[in-house]
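Novice: Sequence and predicted structure are below.
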Number of protein chains: 2
Amino acid sequence: MDLYQINEFAKEIIFEAGKRIRHSFSYDMVVETKSDPNDLVTNIDRETESFFIEKIKQFDANHRVLGEEGMGEKIESLEGPVWIIDPIDGTMNFVKQHRHFMISIGFYVDGIGRLGYIFDVMREDLFYAIAGEGAWYNNSPLRKLKPLTLEEAVIGINASWVIPNRKLNHEKIIELVRTVRGTRSYGSAAMEIAFVVSGKLDAYISMRLSPWDIAGGVIIANEVGAIATNLNGNDVNLLTNDTFIIANPSIHQLILNSYIEQK
Amino acid sequence: MDLYQINEFAKEIIFEAGKRIRHSFSYDMVVETKSDPNDLVTNIDRETESFFIEKIKQFDANHRVLGEEGMGEKIESLEGPVWIIDPIDGTMNFVKQHRHFMISIGFYVDGIGRLGYIFDVMREDLFYAIAGEGAWYNNSPLRKLKPLTLEEAVIGINASWVIPNRKLNHEKIIELVRTVRGTRSYGSAAMEIAFVVSGKLDAYISMRLSPWDIAGGVIIANEVGAIATNLNGNDVNLLTNDTFIIANPSIHQLILNSYIEQK
């Protein structure tokens, strides 16, 4: 399997999908809700996922696709070559802000991450990695993350996890918010992960992410030394929803040990 | 006084300052802290403010300037023509992210807002208004904000106000977080205000802002029907720090009445 060739193919379809999405603002968008009224999906999410699946199947019919909108295969194992795709991460931002939404893609072979992509569609900014070869922000190599203290850190966390909730002892999260230099929340997991791998944020925490939210990002994380795990400190599960933290290596364990207490 | 001429002048110096700031990433930046270790300032903040003051004094020596970095006059009244300037709003983002920081400028005559500007330096995106004439996002008119329910709203609020704090009953803010569709936090007041006036956010709340954080934004707000007040519901004070809310008119009073309880 020629990963360089697959990488060229992946970048090509990502840029092409980005063009289509940007063009979609000029015609009608249909917004629907999924399981809960705040979980939005649009015809553009679905059309973009279909576009990726069609292109990948043309490229190699043996590659399987796990996509957020469920238009690919039902995937119960990561055997063989598998693409894990979120066509639009941050759909609410897509609909309301026309920015701050990402295409997120991970390419796995037998469960091992090989190629990872997070593409900021409106900025046309690509964060990507080839496992073992490094990571890039557009044409510039991404550097290994520099150590820092928790007091200097800026972390991404949604207010949902700072208030009383069913998943976490929020009192500990309040202590975390008080300790760090600042917090941010952008409404796109892939954007916050892209910010951590490029040192624009120092950690991002969520209690509930899906494989397609993180599959691209964890491969990029490996290449820059960011640590991505679930909140038990284990490798993330790419076949089901899981908790998630990605952090600068100098604060990952400290946050888990001192500030995360799951219920 | 020819406001159109002053508007052309203001846009010219804003674009020029933006160019200088973007160029500054290629040379050394000196980061210092102000009153507290999380309040950063750089040589670029100061150089940009000096640049604005010099240009304004050349334009009209009778115009006074109130700037965040204190390089303009000491201003105790808003008599006559006064520029209120934040050369870089979101300095932590400027230093760490190289994006998500704004130039924010308001031009007042005898305390009445005449011209307002928020400029996203890295995107080269200008939100601006001429009082009574309308507001623009680059070359497109900004539309009046459409009504919506609080349940549909996405609001900007920093985690500091969601956790127990000295200013607000945070229990009420927790209820607000639970009621709205989502929350965001970008680390730049001017950016969040620009998002509210353009409908990308529906409200933004802060307990502690300075005149230069909001002076440009409140003028743009007027033109699109956004309501900007302090948390007592009164006009913001442009000579001192104050609390702040800017919101879509359909939810401004509801948030104040039902969710804001100052200590």
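Specialist: Yes, it's here. Numbers count the residues shown, from 1 in each chain, chains lettered A, B, ... in the order given.

Novice: wait, what's in contact with the closest residue to A:Asn237 other than its chain neighbours?
Specialist: Closest residue to A:Asn237 apart from its sequence neighbours, by CB to CB, 6 or more residues apart in numbering or on different chains: A:Asn230 at 7.1 Å. The way it works is simple: take the backbone N, C-alpha and C, and place the C-beta from them, glycine included. Each residue near A:Asn230 by CB atoms under 8 Å, 6 or more residues apart in numbering or on different chains is listed here: A:Val236, A:Asn237, A:Asp242, A:Thr243, A:Phe244, A:Ile245.

Novice: in the stretch 51-200 of chain A, which spans are strands?
Specialist: Along the stretch 51-200 of chain A, the stretches classed as strands by DSSP state E, counting those that start in this stretch are A:64-67, A:81-89, A:102-109, A:112-120, A:125-130, A:134-137, A:140-141, A:154-157, A:182-184.

Novice: Might you calculate how far the last one sits from the centre of the chain?
Specialist: Relative to its chain's centre, strand A:182-184 lies at 19 Å (CA atoms, centre = their mean, to the nearest Å).

Novice: Stretch A:142-156 too?
Specialist: Distance of stretch A:142-156 from the chain centroid (CA atoms, centre = their mean) equals 18 Å.

Novice: Now do that stretch: distance from first to last residue.
Specialist: 20 Å (CA to CA, to the nearest Å).

Novice: Which positions in the stretch 101-250 of chain A make contact with chain B?
Specialist: Within the stretch 101-250 of chain A, the positions near chain B by CB under 8 Å from any CB of the partner chain are A:123, A:151, A:154, A:157-160, A:162-164, A:174, A:177-178, A:181-187, A:195, A:199-201.

Novice: Confirm that A:Arg208 sits in a helix.
Specialist: No - membership of A:Arg208 in a helix is not supported by DSSP: H, G, I helix; E, B strand; the rest coil, which gives strand.

Novice: Neighbours of the closest residue to it other than its chain neighbours, how many?
Specialist: Distance criterion CB to CB, 6+ apart; nearest residue to A:Arg208, sequence neighbours excluded, is A:Asn241 at 5.9 Å. A:Asn241: 12 surrounding residues under other CB atoms under 10 Å in any protein chain shown.

Novice: residues touching the spatially most central residue of chain A, list them.
Specialist: When chain A is reduced to its mean C-alpha position, the nearest residue by CA atoms, centre = their mean turns out to be A:Ala190, at 3.1 Å. When contacts are counted by CB under 8 Å, 6+ apart, A:Ala190 touches A:Asp86, A:Asp89, A:Gly90, A:Met102, A:Ser104, A:Ile118, A:Asp213, A:Ile214, A:Gly216, A:Gly217.

Novice: In space, what's closest to the fourth one - neighbours in sequence excluded?
Specialist: Distances taken as CB to CB, 6+ apart put A:Ala190 closest to A:Met102, at 3.9 Å, once the chain neighbours are dropped.

Novice: try the third one
Specialist: Counting by CB to CB, 6+ apart, A:Gly90 lies nearest to A:Ser188, which is 3.0 Å off, once chain neighbours are set aside.

Novice: What count of nearby residues applies to the one you found?
Specialist: A:Ser188 - counted by other CB under 10 Å - has 27 other residues nearby.

Novice: Give me the pLDDT value at A:Leu40.
Specialist: pLDDT for A:Leu40: 73.

Novice: cool, and the one 4 residues further on?
Specialist: Predicted confidence (pLDDT) at A:Ile44: the value is 90.

Novice: Contacts only, for it.
Specialist: Listed by CB under 8 Å, 6+ apart, the contact set of A:Ile44 reads A:Ile21, A:Ser24, A:Met29, A:Pro87, A:Ile88, A:Phe94.

Novice: So what's the predicted local confidence for the closest residue to the first one other than its chain neighbours?
Specialist: Yep, that's A:Ile21 we're talking about. Leaving aside its sequence neighbours, A:Ile21 sits nearest to A:Val121 (CB to CB, 6+ apart; 5.2 Å). Looking at A:Val121, its pLDDT reads 97.

Novice: Show the contacting residues for A:Gly233.
Specialist: A:Gln253, A:Leu256 are the contacts of A:Gly233 under CB under 8 Å, 6+ apart.

Novice: still on that earlier bit, which ones among the residues of the stretch 101-250 of chain A next to chain B map onto helices?
Specialist: A:Ile174, A:Val177, A:Arg178, A:Phe195 (DSSP state H).

Novice: Just put these in JSON lines and tack on distance to B:Ile251 and pLDDT.
Specialist: Shown next, in JSON lines, are those (distance: CB to CB, whole Å; pLDDT from 0 to 100):
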{"residue": "A:Ile174", "distance to B:Ile251": "27", "pLDDT": "98"}
{"residue": "A:Val177", "distance to B:Ile251": "25", "pLDDT": "98"}
{"residue": "A:Arg178", "distance to B:Ile251": "29", "pLDDT": "97"}
{"residue": "A:Phe195", "distance to B:Ile251": "29", "pLDDT": "98"}
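
Novice: In these, which residue is surrounded by the most others?
Specialist: A:Phe195 (25 neighbours).

Novice: so what's A:Val30 up against?
Specialist: A:Thr42, A:Asn43.

Novice: redo that, cut-off 10 Å
Specialist: A:Val41, A:Thr42, A:Asn43, A:Ile44, A:Arg46 (CB atoms under 10 Å, 6 or more residues apart in numbering or on different chains).

Novice: Equivalent analysis for A:Tyr108, please.
Specialist: A:Tyr108 neighbours (CB under 10 Å, 6+ apart): A:64, A:66, A:78-84, A:114-116, A:131, A:211, A:215, A:219, A:238.

Novice: Who are the packing partners of whichever helix in chain A runs longest?
Specialist: Counting residues, the longest helix found in chain A (DSSP H) is helix A:3-24. Other elements packing on helix A:3-24 under the criterion 3 or more CB pairs under 10 Å, 6 or more residues apart in numbering or on different chains; DSSP states H and E are helix A:43-59, strand A:81-89, strand A:102-109, strand A:112-120, strand A:125-130.

Novice: Determine the angle, from 0 to 180 degrees, between the last one and strand A:102-109.
Specialist: So that's strand A:125-130. 10 degrees (axes from the mean of the first three to the mean of the last three CA atoms, to 10 degrees).

Novice: Equivalent analysis for the fourth one, please.
Specialist: Angle, strand A:112-120 to strand A:102-109, by the same axes, to 10 degrees: 170 degrees.

Novice: Packing partners of strand A:112-120?
Specialist: Taking 3+ CB pairs under 10 Å, 6+ apart as contact, the helices and strands that strand A:112-120 lies on are helix A:3-24, strand A:81-89, strand A:102-109, strand A:125-130, helix A:189-197, helix A:211-224.

Novice: want to try TSV for these, with distance to B:Ile6 as columns?
Specialist: Below are these laid out as TSV (distance: least, CB to CB, whole Å):
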stretch	distance to B:Ile6
helix A:3-24	35
strand A:81-89	42
strand A:102-109	40
strand A:125-130	36
helix A:189-197	38
helix A:211-224	47
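
Novice: And the contacts of A:Asn230, which of them are buried?
Specialist: A:Val236, A:Asp242, A:Thr243, A:Phe244, A:Ile245 (16 or more other CB atoms under 10 Å in any protein chain shown).

Novice: ok, of those, which one's closest to B:Val224?
Specialist: Comparing the buried ones among the contacts of A:Asn230 against B:Val224 with CB to CB places A:Phe244 closest, at 37.2 Å.

Novice: For that closest one, which residues count as its bridge partners?
Specialist: Using DSSP bridges, the beta-bridge partners of A:Phe244 come out as A:Ser206.

Novice: Which residues are in contact with it?
Specialist: A:Phe244 sits in contact with A:189, A:193, A:204-210, A:213-214, A:217-218, A:228-231, A:236, where contact means CB under 10 Å, 6+ apart.

Novice: 8 Å instead, please
Specialist: So A:Phe244 contacts A:189, A:204-207, A:209, A:213-214, A:228-231, A:236 (CB under 8 Å, 6+ apart).

Novice: measure the closest residue in space to A:Trp212 that isn't next to it in sequence to B:Leu40 for me?
Specialist: With sequence-adjacent residues excluded and distances taken as CB to CB, 6+ apart, A:Trp212 is closest to A:Asp86, at 3.8 Å. According to CB to CB, to the nearest Å, A:Asp86 stands 34 Å off from B:Leu40.
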